[in-house]
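K.L.:
What follows is a predicted structure for the sequence shown.
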Amino acid sequence: DLAGCLRAVAADPEVVVHRVKNRLDPEYDARTSAGYRDVALNLRIVNAATLELGIETHVCEVQLLLRHFAELKSEEGHSRYVTFRNLLGE
């Protein structure tokens, strides 16, 4: 489940979370994302391997979404979202 995944990420000593964007929050205005909902984590992995490769400062985004939203997500849907964002000038 999504909450369990969040707990696992937060408990991992090799993960440094920089930002959590909770688009599942009832207070979140879904109009700003064309109705898209997820929890986006910006994080870094810091361990011996990333230090050796010199990539420990690289920030990546992990998107956690409910199964129903994942099943609806498609390349066509993402393309529409990119168009929507471009119209907003973001």
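P.N.:
Arrived safely, thanks for sending.
K.L.:
Against K21, how distant is G35?
P.N.:
Separation of G35 from K21 (Cβ to Cβ, to the nearest Å): 15 Å. (C-beta placed from N, C-alpha, C; glycine too.)
K.L.:
Looking at those two, which is more packed in?
P.N.:
Neighbour count, other Cβ atoms under 10 Å: between G35 and K21, K21 has more, with 15 against 11.
K.L.:
Relative to the helix or strand where the more buried one lies, what are the paired strands and their orientations?
P.N.:
Element membership for K21, per DSSP states H and E: strand 15-22. Using DSSP bridges, the strands paired with strand 15-22 are strand 39-45 (antiparallel).
K.L.:
Flag every buried residue along the strand it pairs with.
P.N.:
Judged by neighbour count using 16 or more other Cβ atoms under 10 Å, the buried positions of strand 39-45 are V39, L41, L43, R44, I45.
K.L.:
how far out from the middle of the chain is it?
P.N.:
Centroid separation for strand 39-45 versus its chain: 6 Å, with Cα atoms, centre = their mean, to the nearest Å.
K.L.:
Now the strand holding K21: average pLDDT?
P.N.:
The pLDDT scores in strand 15-22 average 96.
K.L.:
for N22, what are its contacts?
P.N.:
Y28, V39 (Cβ atoms under 8 Å, 6 or more residues apart in numbering).
K.L.:
Now do the helices in the protein.
P.N.:
2-11, 48-53, 67-72, 75-88 (DSSP state H).
K.L.:
hmm, back to that, centre of the chain versus the strand holding K21, how much separation?
P.N.:
9 Å.
K.L.:
Next, count neighbours for L53.
P.N.:
Residues near L53, counting by other Cβ under 10 Å: 9.
K.L.:
Over to V17?
P.N.:
Based on other Cβ under 10 Å, the number of other residues close to V17 is 14.
K.L.:
Tell me the pLDDT of I55.
P.N.:
pLDDT, read off for I55, is 97.
K.L.:
Likewise for P26?
P.N.:
At P26, pLDDT is 92.
K.L.:
next one: E90
P.N.:
59.
K.L.:
Put together TSV for the buried residues of strand 39-45, with pLDDT and distance to L64 on each row.
P.N.:
Converted to TSV, the buried residues of strand 39-45 look like this (pLDDT from 0 to 100; distance: Cβ to Cβ, whole Å):
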residue	pLDDT	distance to L64
V39	95	4
L41	97	7
L43	98	12
R44	98	17
I45	98	16
